[in-house]
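Engineer: turn this into a structure:
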Amino acid sequence: MKWLAAMRMLLGGFAAVLLLAGCGGGGGGGDTAQSQGPAPAPSGPVSVLTWTPPLTYNDNVALVPERDLDYYEIYVRQDPNFNDSDLPAIQVAAVAGTVAPDGRTVVQSLVTEFTLELIPSLPASSQLYISMRAVGIDRQKSAFMAPLLWNRS
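Structural biologist: Just a heads-up that it's a prediction; the model follows:
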């Protein structure tokens, strides 16, 4: 899966945006030598969560995202009241390795996008709220980002 590098800042914490893109003809595919032709296009709109990693933990201790973050927790609720007793719907690695253009080295970069349709067992609702937080390699967590309304219809 390719991760794009779109980022936005929001009051020094996570910035997040839901991007809705209609599906077009043709598919992706072709990224690996094993590909058997184009992948099928999604059957509806694609929703992508885009964020900028935080620069502090929940207790305002500074962090360097590329060095200090382990993964992100993505939360889904039917209301915007996220709290510490909520369980994440999914965890996403904060740093991912991609093969450099030379084909021999791996470059580590921050993950800044996630396709929401990949979250398993979403509640049966056409409107959900999404939030997330970062978790450091030392298991410290950032504050929740501001909730976003996701219109799934």
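
Engineer: so where do the helices sit in the chain?
Structural biologist: Shown for the chain, the helices assigned by DSSP state H span residues 65-68.

Engineer: for it, name the helix or strand with the lowest mean pLDDT.
Structural biologist: strand 15-21 (a mean of 39; mean pLDDT, DSSP states H and E).

Engineer: residue ranges with poor pLDDT in the protein?
Structural biologist: Counting by pLDDT under 70, the chain shows low-confidence ranges at 1-46, 153.

Engineer: residue 135: how many residues sit nearby?
Structural biologist: Residues contacting residue 135 under the criterion other CB atoms under 10 Å number 19. Placement of C-beta: from N, CA and C, glycine included.

Engineer: any idea how far residue 107 lies from residue 100?
Structural biologist: The gap separating residue 107 from residue 100 is 5 Å, by CB to CB, to the nearest Å.

Engineer: from residue 102, how far off is residue 117?
Structural biologist: Distance from residue 117 to residue 102, by CB to CB: 33 Å.

Engineer: those two: which is more packed in?
Structural biologist: Legend: neighbour count by other CB under 10 Å for residue 117 and residue 102, higher for residue 117 (14 against 7).

Engineer: so the more buried one sits against residue 47, correct?
Structural biologist: Yes: between residue 117 and residue 47 a contact is recorded at 6.5 Å, counting by CB atoms under 8 Å.

Engineer: and the closest residue to residue 123 other than its chain neighbours, what does it touch?
Structural biologist: The spatial neighbour of residue 123 that comes closest, neighbours along the chain excluded (CB to CB, 6 or more residues apart in numbering), is residue 78 at 5.9 Å. Residues near residue 78 by CB atoms under 8 Å, 6 or more residues apart in numbering: 123, 125, 127-129.

Engineer: those residues in strands, which ones?
Structural biologist: 127-129 (DSSP state E).

Engineer: which of those residues ranks first by neighbour count?
Structural biologist: Counting neighbours by other CB under 10 Å, residue 128 leads the ones in strands among the contacts of residue 78 with 22 neighbours.
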